[in-house]
Every structure is written in structure tokens, then in C-alpha cells.
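A.B. asks: need the 3D shape of this:
(one chain, ligands or ions: 2)
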Amino acid sequence: MSLVLPPTRENMTRAADRLRGGGLVAFATETVYGLGANALDPQAVAGIFELKGRPLFDPLIVHVAGIEPARQLSRAWSELAEKLAKKFWPGPLTLVLPRQEIVPDLVTAGLPNVALRWPSHPVAQQLLTMAGCPIAAPSANRFASISPTSAADVAMELRDPDLWILDGGSCQHGLESTVISLVNERPVVLRLGSVAVEELEAELGPIAVANRSVNESELQSGLASPGHLSRHYSPRTPLCWSTEFGSGEEVHAGERVGLLCFGSVEIPNAHQFAAIENLSPHGDPREAATRLYAALRQLDHAKLDRIVAWPLPSVGLGRAINDRLQRASH
Ligand code: TXA
Ligand code: MG
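C.D. replies: Ligands and ions are numbered 1, 2, ... in the order given. Take a look at the predicted model:
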């Protein structure tokens, strides 16, 4: 099992040394746990791809310790970038911008752009400050699997005895950052996440969301964003997601089915389900986001034949959660 470290000053110092020396460290952020390496050290970054089993065409987010370090990694820090960073950083928004030469190809998967985020979790912030380098970090799970929201989840996902995990408790948001591209004239949301589209629109006016699903060959051609792989964030148990509320929940005799639902819903055939997880019985999408991945893990471990997931009202974070459930379905 991996080494789970409480974020004492001594452990933080050791972890920062390890990062600077080219090693990997998993750490808490306010969204999900990240698997970090020095972003400017291609060999260290290669270790992330290896441990995650992540294809090299999927670029990584670079975490920074403020607006100034972000500016230094981008060739064209725009007024829009400044505005969004001032409003949402530190926090769960990732900005995609033209990259500087010093950002290795491995980090951006050869793209001319880099994804930047200043996280708000104190463990992530201290690690960034103490390491003194930008940290490339994807979510600390095996490729296409469920993102970890606790140190124990990371240990279970990656099963590496040499891995250090800085324990910052369970993640406040529980859902990944929203990724927005500022590369072209008009901003485009590449991945729905913890900052709701409505919050961005309050700053920018109407924005496009590139929410179509893509397949791996489109990705390899460099035309699409990996966060939009049609299958992603998946439990091992088959998950059926229905766009219509309450449909697809028929349970056949002898079948063990789990239900993932939301709000104060009436479940007429509740007794037929082997397990039920309600993401937020009083219908709070923020609570649902926090609980989403833990609930999926719970159901995945309940020896079920199938998981049925009901959609949330598709506004605010509900839209981002529905996006994840859709991609988690097989
Ligand atoms: O909340 C988060 O964003 C977490 C924490 C650890 O910060 N990180 C995370 O990383 O979710 P990852 O690698 O699982 O997802 C990164 C997303 C992917 O959809 C990737 O395709 C997109 O960001 N991305 C990264 N660099 C990009 C780039 N240069 N251009 C377009 N999309 C990019
Ligand atoms: Mg991920």
C-alpha cells in the first residue's frame, strides 16, 4: 500500500523535496486528489502517465501558486484570462492558453496550449510554494476510472507501494475543475466541472460548451479534448444512465441492481434495489457533487450486476454531474 502522510510541516518538506527530485507525490486539492510531478521535468511527468496507465495524447493540467507564475507559463496571457483568474482563483477553474516554450511537450501532449490552475486547498498551495515549481497533476486514478476524493481512494486506485499521498481530508467540491479554453477569440468550456457554466456566463455573457462525446481516434488526431472521451470516470460495474427521469429502472428477478438518485424522490420499487445511494436527499447539487465519486465507489463495491443512475435537474452543477454520469455509463 502507498504511504499516506498527514500534512505536517516535516512531511510537506519531504514531499516537496521528492517532487523537486523528479519523484511523484499525490496530494489533496479542493476538487479531487491529484497525482503530481514537477511540470518542467519531462522524465518526472512521464512517471505520471506510466502510473496512471494514461495515453500520451491526453494532456495534463499544470498547477501553479498564483497568477504571476501562470502568466510566466503562457505566451499570451489575455485580459480575459486576468479577469477569470481574479474572479475564480484560487479555485476549481482551469484556463487553457497558448503555452510558453519551457512547458514540455509531454505535459501538453504536443498541443500549442497549456491548461493552468491555481488550486485553493491549503495542502496543494503549500506543496506548490515549498516545491517552488509548477506541478503537473491529473486526477490520481487509473485512466478512465473514478476520480479519488480521499487519500484512501488514491491508495486503492493506484496501488503503488512507493507512492506518497499527502492527506488533506475529503475534497470540498468532489468534482473536477471546469476547463475553459481562451485560445480562440471566443471562450469555450471544454469540460463541465465545479464552476457552473452560469457562474462563468455571469462574467462573460453566453459561452459555448464543447460537450459532444469523442472517441479515441478523434483524440489522436488532436482535434478534440480528452475530458470528452465518451467513456470516462467509470466504475467497473455496468452503469445505465437514462436521460428521462425514472426510466430504465426495471429490476429483473435474480438481478442485483443499485440505484443512484438525487433529491426527495419517490422510488416506487425501492425494495427491488440491492443498494440505493441518494446523492443529496434534500436536493442540493453541491452536496451531490461532493458525494458523487464516493457513492459510485460504494456501489461499485456492492457486488452488483448493474447500477442505474437517474439524472439531476440539468442546471448549474447538476449539468456537470449528469455529464460525468453519462460518460461513466457503458
Ligand atoms: O480538478 C481538476 O482539474 C483535477 C485536480 C487534480 O486539479 N485534475 C484533473 O486532471 O481532473 P485530469 O488530467 O484528470 O483532467 C484534465 C482535463 C482533461 O480533460 C484534459 O484533456 C484537459 O484537462 N486538458 C489538459 N490540458 C489541456 C490542453 N492543453 N488543452 C485542452 N485540454 C486540456
Ligand atoms: Mg481525470
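A.B. asks: helix/strand/coil for the residue of the chain positioned farthest from its centre?
C.D. replies: Most distant from the centre of the chain: Ala253, at 36.6 Å, with distances by CA atoms, centre = their mean. Three-state call for Ala253 (DSSP: H, G, I helix; E, B strand; the rest coil): coil.
A.B. asks: now swap in Val308 and tell me
C.D. replies: Classified using three-state DSSP, Val308 is strand.
A.B. asks: next one: the one 4 residues further on
C.D. replies: Secondary structure assignment for Leu312 (three-state DSSP): coil.
A.B. asks: that one touches Ala320, doesn't it?
C.D. replies: No - if you go by CB atoms under 8 Å, Leu312 and Ala320 don't touch, sitting 9.4 Å apart. All C-beta atoms are positioned from the backbone trio N, CA, C, and that covers glycine.
A.B. asks: quick check, Met130 in contact with Glu10.
C.D. replies: No - proximity of Met130 to Glu10 does not meet the contact threshold set by CB under 8 Å, at 11.4 Å.
A.B. asks: ok, the residue farthest from the centre of the chain - contacts?
C.D. replies: For Ala253, the contact set (CB atoms under 8 Å, 6 or more residues apart in numbering) is empty.
A.B. asks: report pLDDT for it.
C.D. replies: pLDDT recorded at Ala253 is 88.
A.B. asks: roughly how far apart are it and ligand 1?
C.D. replies: Separation of Ala253 from ligand 1 (CB to the nearest ligand atom, to the nearest Å): 40 Å.
A.B. asks: and for Ala328?
C.D. replies: 14 Å.
A.B. asks: that residue against Thr237, yeah?
C.D. replies: No - between Ala328 and Thr237 there is no contact under CB under 8 Å: 10.1 Å.
A.B. asks: compare these two (neighbour count), which wins?
C.D. replies: A direct count of neighbours by other CB atoms under 10 Å for Ala328 and Thr237 places Ala328 higher, at 23 against 19.
A.B. asks: where exactly do the helices run in the chain?
C.D. replies: Applying DSSP state H to the chain gives helices spanning 9-20, 42-52, 67-73, 79-88, 105-108, 122-131, 151-158, 197-204, 216-220, 285-300, 317-328.
A.B. asks: what comes up buried for the shortest one?
C.D. replies: By neighbour count, and taking 16 or more other CB atoms under 10 Å as the criterion, the buried residues in helix 105-108 are 106-108.
A.B. asks: tell me the one of the residues you listed nearest ligand 1?
C.D. replies: Closest approach to ligand 1 among the buried residues of helix 105-108 (CB to the nearest ligand atom): Thr108, at 4.7 Å.
A.B. asks: who's in contact with the residue nearest to the closest one when sequence neighbours are not counted?
C.D. replies: Nearest residue to Thr108, sequence neighbours excluded (CB to CB, 6 or more residues apart in numbering): Pro59, at 4.8 Å. By CB under 8 Å, 6+ apart, the residues touching Pro59 are 107-109, 111, 114-115, 226.
A.B. asks: separation between Pro59 and Val209?
C.D. replies: 19 Å (CB to CB, to the nearest Å).
A.B. asks: what's the answer for Ile165, then?
C.D. replies: Using CB to CB, we find Ile165 at a distance of 33 Å from Val209.
A.B. asks: these two: which has the busier surroundings?
C.D. replies: Ile165 (27 against 16).
A.B. asks: isn't that one right up against Ala151?
C.D. replies: Yes - with contact defined as CB under 8 Å, Ile165 reaches Ala151; the gap is 4.8 Å.
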